[in-house]
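>>> sequence plus predicted model, see below.
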Amino acid sequence: YIYAKSPIPNNAWLRAAVIKPGNRKVVHHVLVTIKTPQELQAGSRQGTAGNNFIDGFFAAYAPGAASVMFPEGTGKLLPAGSIMVFQMHYTATGKPETDSTEMGLYVCKEKPKVELKTRSAFNVQFQIPPGEANHETTAEYKFAKDSLLYEFLPHMHLRGAWFKYEAVYPDGKREVVLSVPNYDFKWQHLYRLKQPKLLPAGTRLVCRGGHDNSTQNPDNPDASKTVGFGDQTFNEMFIGYFNYSDIPVSTVA
């Protein structure tokens, strides 16, 4: 965890926050979150400073992810005096390595219409049996307010096989909003909807996915072991990140 003070002295709305890995051989991923000095101090007392990335982030890099601007009309707020916490995950190569990862901040010329937020549906309780070719896991997130859904970033590790996001509306209607039938850890795409999806308050975003822990998976580190949630690549994850915005009350008919 690396801490850096915001280089912008005032409140700033950003149209993009792009992370450029310096050494792709060792940079597994980079997640950045924003904290106030007071939040960091409180977190240090509780033993959790900078360690809450699973439910969302400010900016991120993962293998295969493209650098893009935030959706039109949206932006992320970087408050004055913020501390940017970089979670750097490195993978050893067996020899000394160096890295100089950078993050570029692109400032909006004017305040965007809405604030873009990143949250997730996640599950940390799953256990994938040895040899299981399609072990299904689920997670969900419930929207408290009317929202616009823009983008998705599913995240699993080497046993990840497929991933699906489904909107379950308050009236019971169900709609698949993204299906990734062949998930590939080496190409963790950010999927953007052509048109943002309106989700009324009370809508549940349900994520379902499968892990392949069999010998038929050529990327499987070890098909003989039960696998659960963990930070290392040989462990697994199940996180359905997504980008959305609350709809301003004045625009809701």
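Thanks, I have it.
>>> what's the nearest residue to A17 if we skip its chain neighbours?
The shortest distance from A17 to any residue other than its chain neighbours is 3.8 Å, reached at A59 (CB to CB, 6 or more residues apart in numbering). No exception for glycine: its C-beta is placed from N, CA and C like everyone else's.
>>> repeat for K25
With CB to CB, 6+ apart as the measure, T93 is the residue that lies nearest to K25, at 6.0 Å, once sequence neighbours are left out.
>>> quick one, phi/psi of that neighbour?
T93 adopts backbone torsions of phi -110, psi -10, taken as degrees, to the nearest 10.
>>> my read is that it contacts V27, right?
No - checked against CB atoms under 8 Å, the pair T93 and V27 is beyond contact range at 11.4 Å.
>>> which of the two has more neighbours?
Taking T93 and V27 together and counting by other CB atoms under 10 Å, V27 has the greater number of neighbours (21 against 10).
>>> if I pick the more buried one, what's in contact with it?
Taking CB atoms under 8 Å, 6 or more residues apart in numbering as the criterion, V27 is in contact with 21, 61, 88-90, 99, 101.
>>> recalculate using a threshold of 6 Å.
The neighbourhood of V27, defined by CB atoms under 6 Å, 6 or more residues apart in numbering, consists of P21.
>>> how close does it sit to A65?
Counting by CB to CB, to the nearest Å, the separation of V27 from A65 is 12 Å.
>>> distance of the closest residue in space to M84 that isn't next to it in sequence from H28?
On the basis of CB to CB, 6+ apart, the spatially nearest residue to M84 that is not a chain neighbour turns out to be A4, at 4.9 Å. Between A4 and H28 the distance is 20 Å, computed by CB to CB.
>>> ok, these two, which is more surrounded?
H28 (17 against 12).
>>> ok, now which ones touch the more buried one?
Contacts here follow CB under 6 Å, 6+ apart; on that basis H28 touches 89, 91.
>>> now the element after the helix or strand harbouring it, going C-ward?
Element membership of H28 [criterion: DSSP states H and E] is strand 27-35. Toward the C-terminal end, the helix or strand that comes next after strand 27-35 (DSSP H and E) is helix 37-46.
>>> hmm, I83 and the residue nearest to M84 touching each other?
No - here A4 lies out of contact with I83, judged by CB atoms under 6 Å, at a distance of 7.2 Å.
>>> so the least confident helix or strand in the chain by mean pLDDT versus strand 27-35, what angle?
Between all helices and strands in the chain, the lowest mean by mean pLDDT, DSSP states H and E belongs to helix 37-46, at a mean of 71. Here the directions of helix 37-46 and strand 27-35 differ by 110 degrees (axes from the mean of the first three to the mean of the last three CA atoms, to 10 degrees).
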